[in-house]
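[1] Got a predicted structure plus its sequence, pasted below:
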Amino acid sequence: MTITNNSRSRSWTKVLIIVAVLLLCFTLSDCKAKTKTKAKLTNEPKPKAKTKTKAQAKPVIGILSTPSDFHGQYSPEDYSYIKNSYAEFIEAADAVPIAIPWDMKEKDLILLLDSINGVLFTGGDASMWEYSEQHNDVVFTNFTKRAAFIFNYVIHLNDKGVHYPLYGICQGHEIIAMALHQKPHIIDNYKHPGQLDRVVITPAGKASRMFGNMPDYLAGFLKQERSMFYNHRYGFNTSLLSEQKLLDDFFVITATGVDDDGKEFIAGLEAKDYPIYTVQYHPERVLSEWNNQSYFMHPDEAAQAIIVQAQFFISEAKKNNHKFSHDEAIGRFLLANHEHVYMNATWPKTFFYDKKSPISYHTNPDWSDSAPLDEYPCPECGLPNAEL
């Protein structure tokens with residue numbers, strides 16, 4: 001029997017139709033089964049998955065609040081504050097700023113420090129010392145004692161192998177040096193109110209970790225141009241380290257400056273063996289604050305120099321793996337979750353903290369840190385992370 005081309009064509013057509021029908025049936029059956037399975041899973045309670053917040057995916061920097069400079073509505077007895085410009089300095093390097101009210105309970109403070117990646121001491125005009133009749137001498141105020149406690153805890157963490165950076169600006173620069181010396185007598189008076197001025201990076205500064213990667217043209221710009229904002233009446237003479245062996249063993253002078261009377265001062269310090277860095281000027285203000293006064297200029301080179309410093313600090317914070325134990329914990333401390341206040345042109349956005357804040361505050365004004373640091377919780381002790 002002869003098979004024609006038309007017969008072959010019809011046969012193949014039937015085969016293709018049968019295959020198509022079978023595939024359709026299989027697909028419908030499979031979809032139906034999946035639909036039943038999906039419906040069954042939908043009715044079952046969903047387990048709560050632990051997701052990592054955007055904040056915890058980045059380094060988290062704690063900014064220590066400072067007692068209020070305002071003696072009217074926001075008295076230093078009841079309020080502390082953080083200017084938003086410090087938060088913007090941290091955010092400029094893609095990290096997350098949170099608040100550390102200065103007089104938190106000791107154990108809560110330690111748990112918080114064990115949950116973040118670094119600390120920033122800000123500028124301000126807090127009382128750093130006071131006269132004590134008992135000692136017949138000036139002694140640190142509770143605020144300075146608390147900052148010194150944090151300084152010592154940072155040393156403690158680094159000694160235990162946790163790379164944990166501390167950065168001090170202006171008042172923070174002064175407190176860190178005094179905390180090491182343990183007395184305020186090393187500080188000196190300077191006349192340098194609210195103005196742009198020069199920063200001279202020293203030979204040791206050019207070899208330092210913080211300024212070592214700064215391009216020469218930026219270092220030259222800082223030396224030649226009045227580009228960094230200063231506002232201080234205290235500081236340290238450049239002879240300090242040669243006069244104080246304890247400080248000389250610990251720090252190198254990375255930068256210097258000169259006040260209105262031509263008196264030279266230390267504008268930058270870096271610890272030799274710890275990730276601790278300080279500057280007398282305000283890198284955060286030139287970068288983020290704007291008004292009609294000339295001392296808030298924003299030349300490109302100044303902004304670049306500030307970004308170099310901010311990025312370096314955050315790169316240091318990335319070297320430890322501290323984190324909050326759960327997503328809700330960090331929310332209480334995020335500055336973005338607190339209301340801010342407009343004070344004036346140079347204080348456009350300020351966060352105040354008082355007894356009504358979500359953070360425990362002024363709960364223990366007469367605290368004393370008498371327990372050895374080894375008795376506090378730490379990541380190496382095998383204890384759970386902070387349940388703040």
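    That came in fine, so what should we check first?

[2] can you list the weak-confidence ranges in the protein?
    For the chain, applying pLDDT under 70 flags the ranges 1-56, 290-297, 327, 344-348, 354-388.

[3] Quick check: the most centrally placed residue in it vs Y74, distance?
    Centroid-nearest residue in the chain, with C-alpha atoms, centre = their mean: I61, separated by 2.5 Å. According to C-beta to C-beta, to the nearest Å, I61 stands 24 Å off from Y74. Every C-beta, even on glycine, is put in place using the N, C-alpha and C of the backbone.

[4] hmm, back to that, please, which helix or strand holds the residue nearest to the centre of the chain?
    strand 60-64 (DSSP states H and E).

[5] who does the helix or strand just after that strand pair up with?
    Next along the chain after strand 60-64, taking DSSP H and E as the criterion, comes strand 66-67. Neighbouring strands of strand 66-67 in its sheet, by DSSP bridges, are strand 80-83 (antiparallel).

[6] quick one: contacts of the partner strand?
    Applying C-beta atoms under 8 Å, 6 or more residues apart in numbering, the contact partners of strand 80-83 are 63, 65-69, 74, 99, 101-103, 122, 284, 335, 347, 349-353, 361.

[7] could I get that strand in PDB with only the CA atoms?
    Below are the C-alpha coordinates for strand 80-83, written out as PDB (Å, rounded to 0.1, in the frame of the first residue of the first chain):
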ATOM      1  CA  SER A  80      20.500  66.400  77.500                       C
ATOM      2  CA  TYR A  81      20.700  66.800  73.700                       C
ATOM      3  CA  ILE A  82      22.200  65.700  70.500                       C
ATOM      4  CA  LYS A  83      22.500  68.100  67.500                       C
END
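
[8] M228 against H282, yeah?
    Yes. Counting by C-beta atoms under 8 Å, H282 is a contact partner of M228 at 7.4 Å.

[9] what about the nearest residue to M128 once chain neighbours are set aside, neighbour count?
    Counting by C-beta to C-beta, 6 or more residues apart in numbering, M128 lies nearest to T144, which is 4.7 Å off, once chain neighbours are set aside. Other residues within reach of T144, judged by other C-beta atoms under 10 Å, total 22.

[10] Return the residues in contact with T144.
    T144 neighbours (C-beta under 8 Å, 6+ apart): 126, 128-129, 175, 178-179, 184.

[11] Tell me the secondary structure of it, please.
    Look at T144: counting by DSSP: H, G, I helix; E, B strand; the rest coil, its state is helix.

[12] quick one: it from F351, how far?
    From T144 across to F351, the span is 21 Å (C-beta to C-beta).

[13] Based on its surroundings, how many neighbours for the residue nearest to P67 when sequence neighbours are not counted?
    Closest residue to P67 apart from its sequence neighbours, by C-beta to C-beta, 6+ apart: P76 at 3.9 Å. P76 has 17 neighbours, counted by other C-beta under 10 Å.

[14] would P76 count as being in a strand?
    No. Counting by three-state DSSP, P76 is not found in a strand; it is coil.

[15] if I look at it, how far off is I330?
    Counting by C-beta to C-beta - P76 and I330 are separated by 27 Å.

[16] Check A179 too.
    Look at A179 and I330: by C-beta to C-beta, they are 27 Å apart.

[17] can you map out the helices along the stretch 51-200 of the chain?
    84-91, 106-113, 142-159, 171-181 (DSSP state H, counting those that start in this stretch).

[18] Can you mark which positions in the third one are buried?
    Right, helix 142-159. 142-151, 153-158 (16 or more other C-beta atoms under 10 Å).

[19] of all the residues you listed, which comes closest to D260?
    Checking those against D260 with C-beta to C-beta, the nearest one is T144 at 26.3 Å.

[20] quick one: the closest one from T66, how far?
    Distance from T144 to T66, by C-beta to C-beta: 10 Å.

[21] what's in contact with the longest strand seen in the chain?
    Using DSSP state E to define each element, the chain has its longest strand at strand 188-197. For strand 188-197, contacts defined as C-beta under 8 Å, 6+ apart pick out 226-237, 257-261, 263, 265, 281, 286, 294-295, 297.

[22] Mind checking which of those residues are buried?
    Here, 16+ other C-beta under 10 Å leaves 226-232, 234-237, 257-259, 263, 265, 281, 286, 295 buried among the contacts of strand 188-197.

[23] For I253, list each beta-bridge partner.
    I253 forms beta bridges with L269, as assigned by DSSP bridges.

[24] OK, contacts around it?
    202, 204-205, 238, 241, 266, 268-269.

[25] which of those lies closest to N320?
    Taking C-beta to C-beta as the measure, L269 is the one of the contacts of I253 closest to N320, at 21.7 Å.

[26] Among the contacts of strand 80-83, the buried ones, what's the ChimeraX command?
    Those of the contacts of strand 80-83 that count as buried under 16+ other C-beta under 10 Å are selected in ChimeraX with:
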select :63,65,66,67,68,74,99,101,102,103,122,284,335,347,349,350,351,352,353,361
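
[27] List the contacts of A99.
    Taking C-beta under 8 Å, 6+ apart as the test, what A99 contacts is 62-63, 65, 82, 333-335, 338, 351, 353, 359.
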